[in-house]
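# A predicted structure for the sequence below; I have some questions about it.
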Amino acid sequence: MNKRLRKYVASLSLLLGLFHLGLAQSQVLIEAESFDETGGWVVDQQSFPVIHSSYLMAHGMGRPVADAVTHVRFAEKGTYHFWVRTKDWAPFPKGPGKFEVWIDGKPVGGVFGESGKVDWMWYNGGKVTIDRDSVEIRLKDLTGFNGRCDALLFTRSAAEPPQDSVGMASLRKELLNLDDTRKEAGHFDLVVVGGGIAGTCAAISAARLGLTVALIQDRPVLGGNNSSEVRVHLMGDVDKNHYPKLGRIVRELDNGDPGNGNPDAKEYGDKRKTDIIKYEKNISLFLNTHVYQVEMNGDRIAAVIGRDIRTNQETRFTGTYFSDCTGDGTIGFLAGADYRMGRESRAETGESFAPEKSDNFTLGTSNLWASLPVDSVTAFPETPWALPFSDEYHIDETKSDWQWETGFGNMNTITEAEKIRDHNLRAVYGNWSYLKNNKPEKYGKRELAWVAYIGGKRESRRLMGDHVLNQMDVQEGKMYPDATVTATWTIDLHFPQEKNSLYFPGEEFFAGTKHIRVAPYTIPYRCLYSRNVPNLFMAGRNISTTHVAFGSTRVMRTCGMMGEVVGMAASIAHKHETSPRGVYEQHLDELIGMIKD
Amino acid sequence: MNKALLVCWLIGAAYAAEAREASFYADSVARTVDEYNGVSYTVQLQKDSAGNPAYYHAYVFTPVCEDDLCKPVYIDLYWDLLGNYLRYEVPLNQPLTKLDHVVFTPEEYGRLHDMLLDAESLLKEYEIEELVESTTNARPGGDVDAVTGATAKSLQAVVIPGALYTCYTLWHIVHGRVRDTIASVTDSLASPALLSHFLRSGNYRYQHYALDRLMDEQGKVASEFEQDVVNLIGSPNVFLAQRVLKAIDSGYLQSAERQRWLGQLFIGANYRLQLALLAKMGEIPLKRELKNTLEMHRRDFNEEIATKIEQLLTKRS
């Protein structure tokens, strides 16, 4: 980092010098996620669409985490105004995410993270005199309760740095010199964005059919909701397929069923998934890379740009075809693909389960957790900033399951993903604190073994294809000529559990569902490519369905099989130099033949 | 019956705790309960030494399946005054058994108690005929061809292996018709003394029950209950406190003494209650002393609270 940083400081001094009439000023921006050692802090990129950056978070489940440490070289000695970009994530009334910043062994600027304000902001840490070439900076967590730091800024100017995320994004671009240091990853036949089950299957399927593939994932592990970071088990059957060939790659990735939120991370088979990819000579894997920008050539996607969630190094990927397996439909959204979010009205879709009026309702996001027995009685702090519980209402469970879920239309699952996750954390910690402090006979000798800080998101954007799968397709088992994946899951539309709504109206964190059974049905290929971005496939929860049909298609084995089909279709498109739609219009027999084979 | 107790599962409910210490005697109030499975038993009110209703008890003898494969169950069951299950006891010489007459382990007795405590158990959704299929198919009423959503918890995870019918039968007795029987008896006994006792009990179920009967739509209560009801605003049970605060007639909160108390409560309250207290303060003319307290602590919390306090202080009373 030091080399790059030196360069930024130098180039910025030059830049600012031009703008400030030769006044020698410099700024040093240190992204927290780029610290040399992150210690016990974790890198969180989930709010990238909002704050345009990753940040570090002290996710210690109530125990302060080890310091994050970095060394920064200053081109200029002297006095700097020191700023810390952070927030109070639980200002109810004041949050627990307290931390200090130590420079060369001394705390500077007091305690951060307890301002009572939820917005990301620069907080002034006073003036700091830098009298050595290099200083050591430490983030010292004080609580283990999710304190967070986006960046540190040393500036010679007394002016406040930009507080808004757009201004901040351009400052970051300048100071980190992102445009000039961007790498070219090269050209790929298929660029798969999103390394969940759908994306991983798409990449493997295409690579085995001879395409060169980039698989880009914004976390250090593959598997998405099925990774050890989220721990949702794989659902949807692969043994009732109309075309039994589908599901083979899903089976390879399947590490067995440990249930939801199992305390043993290994059960979810992160290594199995990465190993499989490593053996594929045609796949270039890019982990820790969040794609946030696309370049268009007319209405086609020409390239995508990703940023390393830790180093902030940017990489550009060009491709013939792209597959949006992000879950959020991020690539489609950036490329201007038609999409929907929320529920369609009954009048629009003719679905009996659709609401009378369209709305923003979505299924929620889970942050699963589990406790384990320990030998002796342990303590857990009171959590006044969390959701309150009492003998009248608490969740008397030693581990979570799928019901721990927030974000039923009251919060946007993309733009308010951080708020949703934090609400989940307030529910988990508040409830656990209640259990530990009030039910010692059952919980005294138990400890939190694991709490997910990555949200397991169920629903966000759905990209529209040439066919939009609906409830009637699902329930009547319509068999279109382009039928591909067989889906078996119920129409499983979650809603806030009634009792939870009673105690936490508008702040629900616990779900109920009604499983509407379906006979195995098939998903048409036309749901797997965009109707208006001609070189864009999609697989996973963001395929072309209505909200109601999505309730059934969204489970991960089914999503994986969509990926398998996309890989096959991409190979046919590539062979005939046509578009995803061209495969449907001119080469459907070939695609179905490949699936049947 | 041999009253030597093999197990005696107690929960922390106030009356259960008292039951261990005080002496109790059976009241003449007894009702017959005819259960769904044809079993009939008598549930009887027990009073404490001061003559106050304390809990209900029944001695139940029941077969747990329709053939002779399972041993019948002899069990003492206890409910609180609103029909909520408290605990059970079984005689030493009639232990509970599983398949092939294997007796319950100590852990399984504990599991049975936990299962009976869960009024929303999955067992509620099942008809007895569905039991065998359900333990293989995971969901009630399933079509053979239907593909089920396995995110629902399976019954197998809930019941004690080999004691499915015992679990089913006992849960349905404990949460069955007896609840209505108990409710009607307690309703008939709900004297001012008992309701007052309920308000002070610290048992949220009793407190809500008393509030349901004592508070009218305007949030008024008879004067003899006024202080007890106001005190509930300071309950550690934030949901109860919030209920009272929202509903109570603001006329009860206008005295200097009560406002002083509200001010102190506000400073140390949970955030959710703080907001509820500020909302209530907006309904009443605030005394100088409470205003001073709010002013003094205006900046101690967050922006939202500071703004709300500001609004209260600048409001023309």
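Done, it's in. Everything quoted here is computed from the prediction, not taken from an experiment.
# ok, and the closest non-adjacent residue to residue A:576?
Among residues not flanking residue A:576 along the chain, residue A:587 sits closest, at 5.9 Å (C-beta to C-beta, 6 or more residues apart in numbering or on different chains). C-beta here means a position set from N, CA and C on the backbone, and glycine is covered the same way.
# Provide a list of residues in contact with the residue nearest to the spatial centre of chain B.
Of all residues in chain B, the one closest to the mean position by C-alpha atoms, centre = their mean is residue B:205, 4.7 Å from it. The contact partners of residue B:205, by C-beta atoms under 8 Å, 6 or more residues apart in numbering or on different chains, come to B:80, B:82, B:84.
# change it to 6 Å
Contacts of residue B:205 were listed using C-beta atoms under 6 Å, 6 or more residues apart in numbering or on different chains, and they are residue B:82.
# can you check residue A:259 too?
Remark: with contacts taken as C-beta under 6 Å, 6+ apart, residue A:259 is in contact with residue A:233.
# now the strands for the stretch 1-150 of chain A?
Secondary structure of the stretch 1-150 of chain A (DSSP state E, counting those that start in this stretch): strands at A:27-31, A:42-44, A:55-59, A:68-73, A:78-86, A:99-103, A:106-112, A:121-130, A:134-141, A:145-155.
# ok, which of the ones you listed comes nearest chain B?
Smallest distance to chain B across these (C-beta to the nearest C-beta): 12.4 Å, for strand A:121-130.
# buried residues in the helix or strand hosting the residue nearest to the centre of chain B?
Secondary structure assigned from DSSP states H and E places residue B:205 in helix B:204-214. If you call a residue buried by 16 or more other C-beta atoms under 10 Å in any protein chain shown, then helix B:204-214 has these buried ones: B:204-211, B:214.
# ok, now stretch A:47-61?
For stretch A:47-61, a neighbour-count test (16+ other C-beta under 10 Å) marks A:47-61 as buried.
# show me the chain divided up by domain.
You didn't say which chain, so I picked chain A. Annotated domains of chain A cover A:30-168, A:183-346+A:458-596, A:365-455 [automatic domain parsing].
# sorry, should have said chain B
According to automatic domain parsing, chain B is divided into the following domains: B:5-181, B:218-314.
# okay if I get these as a markdown table plus mean pLDDT, mean neighbour count and distance to residue A:196?
Shown next, in a markdown table, are the domains of chain B (pLDDT from 0 to 100; neighbours: other C-beta atoms under 10 Å in any protein chain shown; distance: least, C-beta to C-beta, whole Å):
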| stretch | mean pLDDT | mean neighbour count | distance to residue A:196 |
| --- | --- | --- | --- |
| domain B:5-181 | 77 | 17 | 18 |
| domain B:218-314 | 97 | 17 | 36 |
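# if we can go back for a sec, could you work out the most separated pair of the buried residues of stretch A:47-61?
For these, the maximum inter-member distance is 28.2 Å, found between A:52 and A:61 (C-beta to C-beta).
# need the winner for burial among the domains of chain A.
Looking across the domains of chain A with neighbours counted as mean count of other C-beta atoms under 10 Å in any protein chain shown, the highest average goes to domain A:183-346+A:458-596: a mean of 22.
# average pLDDT for it?
Mean pLDDT, taken over the full extent of domain A:183-346+A:458-596, equals 97.
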